[in-house]
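Engineer: Just a sequence and a predicted model for now, questions to come.
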Protein chains: 2
Amino acid sequence: MISNPSTLKELADLLPDSLHALCKHRSVLVNEQLFRIGSMPKWMFYVIQGEVVLERVSHGGGVSCLQRCHVGFIGEGSLTSMRYHCNARATRPTDFVQIPLQAIKEALSFDPNFSSRWIHMLSTELRALRLQNERLSLQRVQDRIIHLLQTEGKNGRYELSTSLKQLARELGVTHEALYRGIAALEANGKLIRDDRLFRLT
Amino acid sequence: MISNPSTLKELADLLPDSLHALCKHRSVLVNEQLFRIGSMPKWMFYVIQGEVVLERVSHGGGVSCLQRCHVGFIGEGSLTSMRYHCNARATRPTDFVQIPLQAIKEALSFDPNFSSRWIHMLSTELRALRLQNERLSLQRVQDRIIHLLQTEGKNGRYELSTSLKQLARELGVTHEALYRGIAALEANGKLIRDDRLFRLT
DNA sequence: CGTACTTTTGAATCGCATCAAATCTGGTGG
DNA sequence: CCACCAGATTTGATGCGATTCAAAAGTACG
C-alpha cells in the first residue's frame, strides 16, 4: 500500500504527540462508507489517499455533494455534533487515518497550540465554503467553471483531481451541462484544456 | 441560528473577561460598510441588532451574498486571513460590537476555555454552511424553499427575518422566481403563509 | 474480450432569468 | 392628515440555458 508521506507529516504536525499513538490506519474500497447520517461521531477521519465525499439525499431523492476530500479531514463539523448530518462515502479505494474523537476533544482543551492550529484549519475551511456558496449562486455553468478555476486554481491552472461527473455534482449541475459548458468555453477561446489540466486565457 | 450567541450576554459569556474592556460599541446606517475586500482585518465584528451581509462582486458584475447576519459574529473566517475576501455591508441601521483581532488571537492562545468555545462556534457554522451548500445545489426554487424551512425553521415554522428580496439573494435566485415559488407552494397546499410566518404542511 | 463506467453529442422540454409594469408599503415632508 | 417617494411585492410575456432522456463512443480493468 502506497501512502503519501507529505500528507502524513502534515497530520503529524497538526496533531499533538499524545494523539499519534491513538491514530489507526484504515483502507476502504469504492462505495464503502466511513460514517452514516444519524449515527454518533466517535472518530475524526483524515484522508491520506483516494477520495471521500460527504453526501445527503434530498427529500426529492436526488443526491447532493457537500464536501469532497482527497487529503485532509472530512467532516470537521462533527467535532461538536451529537449526530452526523450526512454520509461519508469513498468514491475510489481510499486510505485514511481515524482518531478517537474524545481524545481530540481532550487534547484541544489543554493544548493551546493544538487548538490554535485547529482554529486555523476551521477558519480556512469556512472561507473555502463561503467561496463555494458564491460559486453555486452563479447562474450559468460557464461562470461556475470560471469561478472554480479562479478560486481553486493556482496561477490560472487547475488540475482535475477527479472525474468530471463528480465535479459536476460539486458544481450543482448535471454532467452533461458541465461537458457542454467546458466545450463552449474552449470554443470561445476562454479556456484551454489539456486532458486533466485546465487553463484560463 | 444556534451557532452564534444570540444576545449581548452570550457575547460576554463567549469572550473572556480580559476582552470585555476592549469591546467598542458602534452603529452604522443603511449601506455603510464594516469592512472592504482586500483590506487587512483589524477587528472582529459582532452584530447586536440590524442586518449585515457579506457580499462579493462576481466577474460578470452581479452581486452575490455569502452570509447574512442579524445577531452574532460576521466574517469569523477572517481571524486567520491576511485580507478580507468580501465586503460587509449593513442592509439596515445596525448596532454592533468590534473587538481587536490581535487581542482575540492572544486570548485564544492562552485561554483553553475560550478557544474551546470558539471551536464550537466555528464547527457549528461549518455545518450550517454545508447545509446552505446543499440548498444551493437543489435545482428548483420550490425545493430550495422547502429545504430552507426544513433546516432553518423550528418545528415546521419559519419566521421571515428580512425582505423576500434579500432572501432571494441568499437562495441564489431572482426575487421574481422566489415570489412565484412561494405562490406555487401555497397554491399546491404545501405551504401556508401568514405574512412573515411560513409553515410546511 | 467483455463489462462497467465515463465522456460526449443530440433533441425535446421545463424552469428560471430577464424585462416590463402595476400595486402595495413604510416613511418623509408639506 | 395627506401627497409623495423609494423600495418591496406581485403578475405577465418572452427567451435562454439547464434538465431530461437517449444513444454512441471512449476508457479502465479484470
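Structural biologist: Cool, got the structure. As the structure is a prediction and not an experimental result, all values here were calculated from the model.
Engineer: Could you check the helix or strand bottoming out on mean pLDDT in chain A against chain B for contacts?
Structural biologist: Every helix and strand in chain A was compared by mean pLDDT, DSSP states H and E; the lowest is strand A:63-69, with a mean of 80. Yes. Using Cβ under 8 Å from any Cβ of the partner chain, strand A:63-69 comes into contact with chain B via A:64-67. For glycine as for every other residue, the C-beta is placed from the backbone atoms N, C-alpha and C.
Engineer: Whatever helix or strand comes next after that strand pairs with which strands?
Structural biologist: Going down the chain from strand A:63-69, the next helix or strand is strand A:72-74, by DSSP states H and E. Here strand A:72-74 is paired, per DSSP bridges, with strand A:43-57 (antiparallel).
Engineer: got the CA coordinates for the strand it pairs with in CSV?
Structural biologist: Coordinates of each C-alpha in strand A:43-57 appear next as CSV, following Å, rounded to 0.1, in the frame of the first residue of the first chain:
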residue,chain,number,x,y,z
TRP,A,43,-13.8,9.2,15.2
MET,A,44,-12.4,12.0,13.3
PHE,A,45,-11.3,10.9,9.8
TYR,A,46,-8.2,12.2,7.9
VAL,A,47,-8.0,11.1,4.2
ILE,A,48,-4.5,10.2,3.0
GLN,A,49,-5.1,9.0,-0.4
GLY,A,50,-8.2,8.4,-2.5
GLU,A,51,-11.5,10.3,-2.4
VAL,A,52,-14.2,10.7,0.2
VAL,A,53,-17.4,12.7,-0.4
LEU,A,54,-20.0,13.9,2.1
GLU,A,55,-23.5,13.3,0.7
ARG,A,56,-27.1,13.8,1.6
VAL,A,57,-30.2,12.5,0.0
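Engineer: Next secondary structure after the lengthiest helix in chain A?
Structural biologist: If you go by DSSP state H, chain A has its longest helix at helix A:112-137. Per DSSP H and E, helix A:112-137 leads on to helix A:141-152 as the next helix or strand towards the C-terminus.
Engineer: Please say whether there is contact between that next one and DNA strand C.
Structural biologist: No. Using Cβ under 7 Å from any atom of the strand, helix A:141-152 stays clear of DNA strand C, with a minimum separation of 10.2 Å.
Engineer: got the buried residues for that helix?
Structural biologist: Going by neighbour count (16 or more other Cβ atoms under 10 Å in any protein chain shown), the buried part of helix A:141-152 is A:141-149.
Engineer: and which of the residues you listed is nearest to A:Tyr179?
Structural biologist: Proximity to A:Tyr179 was ranked across the buried residues of helix A:141-152 by Cβ to Cβ; first place goes to A:Val141, at 9.6 Å.
Engineer: what's the burial count for whatever residue of chain A ends up closest to DNA strand D?
Structural biologist: For chain A and DNA strand D, the shortest gap (Cβ to the nearest atom of the strand) falls at A:Ala177, measuring 2.9 Å. By the measure other Cβ atoms under 10 Å in any protein chain shown, the count of residues near A:Ala177 is 16.
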